[in-house]
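Chemist: Kindly generate the corresponding structure for this input.
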Amino acid sequence: MRSQGILVGLAVSAGLLAGCSSDSSVPEGPAVSSEASVPMNYVALGDSAASGPRIPDQIGVPGCQQSDANYPHVLAEELATGSFVDVTCSGAVTENIVATPQSTSSGEVPVQLDALTPDTDLVTVTIGGNDIGLVSTAVQCLTFADTSATNICKDRFTAGGVDTVATAIADRAPSWGAMLDAVAERAPEARILVVGYGTYLPDGGCFPTQPMLPEDADYIQGNITAMNEALRTQAEEHGAEFVDTEALSVGHDVCVAPDQRYFEGVVPQNPAAPLHPTAAGMAAIGDAVAAAVRAG
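Modeler: Numbering: from 1, shown residues only. Model (predicted):
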């Protein structure tokens, strides 16, 4: 019964986004400094890797599962922004940022792009995981048996020599670039930071602590890395910056002690959704983004 409960919990979490990057090599763009005489106007866009489902205290539209301790709130406080609008929402896909209102359990929320204005100075965006079905893919890799002759999901997702997750990343990448262009059009003076997803799993995973075989753990984290690289490329090609959270979260994955985790495991030991950032993770990401802003 315990294993069934875990799988049910992860299946629910798949409707959010798995959760959950700093890079000093960035293209030139509008300079924004926390030392500016006029405090900046900041807007946060994105999915549950940014919104913080189940992290106290939950605020805003209930269906978006947004926390007042998520990395956008951490960043806004560190930079002492003049104005701050957080429209991150669990379950969001790229279309919910640019064109399609998002349906949530508590009703429809507007297109996230509507939060931007010509006066916006800073934009962060974390998106892409739901576009490629990252959490639902990870859920399909869960197993409580270690006797399988082959891995549970890597073989399935790469059958016939076609990696369906890698294909999804390649197919969706142009839409991420188009989204960044749309953000820049709405907020032409804004500095735009794409915040990537982190190191959820160490090399080889940690079966049975987390119920995923080594090959599958490496496959899932490998695709997170591939998605981050695609996001980085789109950011560089469309006048934005990429903030890498993989490096900063090494050693803080779902396999370490609960008080060291930046991301929660299958059975959460911290108040956070499975396979999503913890409050500590959000704080670390917020610090990294703040450092990137100040360095720019």
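Chemist: what sits against residue 187?
Modeler: 43, 116, 117, 118, 120, 123 (CB atoms under 8 Å, 6 or more residues apart in numbering). Placement of C-beta: from N, CA and C, glycine included.
Chemist: I'd assumed residue 43 was in contact with the second one.
Modeler: Yes. Using CB atoms under 8 Å, residue 116 makes contact with residue 43 at a distance of 5.6 Å.
Chemist: Between those two, tell me which one has more neighbours.
Modeler: Shown here are residue 116 and residue 43; by other CB atoms under 10 Å, residue 43 has more neighbours (28 against 23).
Chemist: Turn the contacts of residue 187 into a markdown table, including distance to residue 269.
Modeler: Converted to a markdown table, these look like this (distance: CB to CB, whole Å):
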| residue | distance to residue 269 |
| --- | --- |
| 43 | 33 |
| 116 | 37 |
| 117 | 41 |
| 118 | 45 |
| 120 | 38 |
| 123 | 33 |
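Chemist: Please identify which of the residues you listed is nearest to residue 227.
Modeler: residue 123 (19.7 Å; CB to CB).
Chemist: which SS state does the closest one fall under?
Modeler: Assigned by DSSP: H, G, I helix; E, B strand; the rest coil, the conformation of residue 123 is strand.
Chemist: Residue 236 too?
Modeler: helix.
Chemist: how close does it sit to residue 126?
Modeler: For residue 236, the distance to residue 126 equals 17 Å [CB to CB, to the nearest Å].
Chemist: Name the nearest residue to residue 176, ignoring sequence neighbours.
Modeler: Distance criterion CB to CB, 6 or more residues apart in numbering; nearest residue to residue 176, sequence neighbours excluded, is residue 234 at 4.5 Å.
Chemist: My error: substitute residue 232 in the last question.
Modeler: Looking at residue 232 with CB to CB, 6+ apart, the closest residue is residue 242, at 4.1 Å.
Chemist: quick one: what helix or strand has the one you found in it?
Modeler: strand 241-243 (DSSP states H and E).
Chemist: Now do the contacts for residue 165.
Modeler: Contacts of residue 165 by CB under 8 Å, 6+ apart are 132, 133, 137, 157, 223.
Chemist: Apply 10 Å and report the result again.
Modeler: 132-134, 137, 153-154, 157-158, 219-220, 222-224, 226-227 (CB atoms under 10 Å, 6 or more residues apart in numbering).
Chemist: any idea which element it lies in?
Modeler: Per DSSP H and E: helix 164-186 holds residue 165.
Chemist: Pull out the buried residues from that helix.
Modeler: 165-166, 168-169, 172-173, 175-177, 179-184, 186 (16 or more other CB atoms under 10 Å).
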